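In: no sequence on this one, just coordinates:
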DNA sequence: TCACAATATGCAATAGGTTGCATAAGGAGG
DNA sequence: CCTCCTTATGCAACCTATTGCATATTGTGA
């Protein structure tokens, strides 16, 4: 039921259509959770049938009506119950590490390529996050921002710490491989 | 097909039964990839039907025969092809961050609890990894170890960097929450 | 002695996620 | 003018993963 609860969080401060929520999964919310538009529509339908969200139709000519969803009182209390549960532990599935383990049959150069590609990805992420930090959080005091923005700050800092750690590790690993110390 | 390829990596240096591979998913390999015994047996059956692994029966009295699986030549080349593909990008699903985003309705104390629980988990991980590093890698030179052990060293270092970053972030976040700076 | 964990396999049902396709109109660029 | 992108929804088939159950023996601790 995790995705359902993520949708409830997305509807916490505003009403939205499935399409708008999908847009959010492509931007900010996508750094927390990812879902396809098919998943979003299917799950919104399920939440509606359970009475956790309700929608009103927005008439449109020539195309299907929009459904603008909002949280119901039941939805709000179901969300609260979920938020109070300790977060579930996710299964570890680290394809890069598995590929490193098979490094003997592909060689050091291939491993360096794989690691460098991920490092560059994380460097971009890091720059993006640091840019957001400078733009929104470095000028003003935390107290002057909305609660939502302050909570986002915690999440942003997590992104920065973890991305930086990955980049640091990748540089070390690439250097060891380059110097022929591993394979 | 990711799990299938992980099983091929597990069979790279040795033959093994489904049960033995499941044991590995509970120990070292579990830090890279996790899978249940049901998944392992099902996937081994599929790999066998595709000719990527083969087994010979080990007779046992009173209980079902063991199947000792080994990599075939086809399996080895399928694995090589997979190892050369750049690792797929995993969907982001960070339940803790989503719960932080909903922090307004549960309050600072609950968020601190959730973050602290994850921090303690990562602190244990970190201690475990640092223990392994001291035991296997601090005494001897990297060159004196097997290739497999050297590759494991890269993975171990990743675990240390990432766990440390999480712990550092968690301490910062807990401190901000404790001082009432967020909610 | 009795219960429970470990060894060793596997099926079935359900839940969750991916991929492909379909519809339909307006606007932008070549 | 024609194609592609964006807006806006959704079904169906498939693949992957989880949960619950089932079997059968040996060894260990209470």
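Out: Sure, I can see it. Everything numeric in this text was worked out from a predicted model, so none of it was measured.

In: List the neighbouring strands of the helix or strand of chain A with the lowest mean pLDDT plus their orientation.
Out: The weakest-scoring helix or strand in chain A, judged by mean pLDDT, DSSP states H and E, is strand A:53-58 (a mean of 90). According to DSSP bridges, strand A:53-58 forms sheet pairs with strand A:66-71 (antiparallel).

In: after the strand it pairs with comes which helix or strand?
Out: On the C-terminal side of strand A:66-71, the closest following helix or strand by DSSP states H and E is helix A:73-84.

In: Taking strand A:53-58 as reference, get the angle to that following helix.
Out: 130 degrees (axes from the mean of the first three to the mean of the last three C-alpha atoms, to 10 degrees).

In: Which elements pack onto the next helix or strand after helix A:73-84?
Out: Once the chain leaves helix A:73-84, the next helix or strand it forms, by DSSP H and E, is helix A:95-101. If you count contacts as 3 or more C-beta pairs under 8 Å, 6 or more residues apart in numbering or on different chains; DSSP states H and E, helix A:95-101 packs onto helix A:108-132, helix B:2-10, helix B:147-178. C-beta: built from backbone N, CA, C; applies to glycine.

In: Distance across stretch A:86-93, terminal residue to terminal residue?
Out: 21 Å (C-alpha to C-alpha, to the nearest Å).

In: Next: stretch A:24-36.
Out: Start-to-end, stretch A:24-36 (C-alpha to C-alpha) is 11 Å.

In: now swap in stretch A:43-58 and tell me
Out: Termini of stretch A:43-58 sit 20 Å apart (C-alpha to C-alpha).

In: same thing with stretch A:23-38?
Out: End-to-end distance of stretch A:23-38 (C-alpha to C-alpha): 13 Å.

In: does chain B sit close to that stretch?
Out: Yes: part of stretch A:23-38 sits near chain B under the criterion C-beta under 8 Å from any C-beta of the partner chain, namely A:30-34.

In: quick revisit: so which of the helices and strands packed on helix A:95-101 is the most surrounded?
Out: Sort those by mean neighbour count, taking mean count of other C-beta atoms under 10 Å in any protein chain shown, and helix B:2-10 sits at the top with a mean of 22.

In: Now do the buried residues in the helix or strand just after that helix.
Out: As assigned by DSSP H and E, the chain's next helix or strand after helix B:2-10 is helix B:18-26. Going by neighbour count (16 or more other C-beta atoms under 10 Å in any protein chain shown), the buried part of helix B:18-26 is B:18, B:21-22, B:24-25.

In: hmm, who's touching helix B:18-26?
Out: When contacts are defined by C-beta atoms under 8 Å, 6 or more residues apart in numbering or on different chains, helix B:18-26 is touched by residues B:7, B:10-11, B:16, B:29-30, B:33-37, B:40-41, B:44, B:66-67, B:69.

In: Please produce a PyMOL select command covering the buried subset of those residues.
Out: Of the contacts of helix B:18-26, the buried ones can be selected in PyMOL as follows, counting by 16+ other C-beta under 10 Å:
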select buried, chain B and resi 7+10+11+16+29+33+34+35+40+41+44+66+67+69
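
In: Of the contacts of helix B:18-26, which are in range of DNA strand D?
Out: For DNA strand D, the contacts drawn from these by C-beta under 7 Å from any atom of the strand are B:34-36.

In: Would you convert the helices and strands packed on helix A:95-101 into TSV that also reports distance to residue B:120 and mean pLDDT?
Out: Below are these laid out as TSV (distance: least, C-beta to C-beta, whole Å; pLDDT from 0 to 100):
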stretch	distance to residue B:120	mean pLDDT
helix A:108-132	25	97
helix B:2-10	28	95
helix B:147-178	9	97
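
In: Quick one: those helices as JSON lines, columns for distance to residue A:169 too.
Out: Formatted as JSON lines, the helices and strands packed on helix A:95-101 follow (distance: least, C-beta to C-beta, whole Å):
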{"stretch": "helix A:108-132", "distance to residue A:169": "9"}
{"stretch": "helix B:2-10", "distance to residue A:169": "20"}
{"stretch": "helix B:147-178", "distance to residue A:169": "4"}
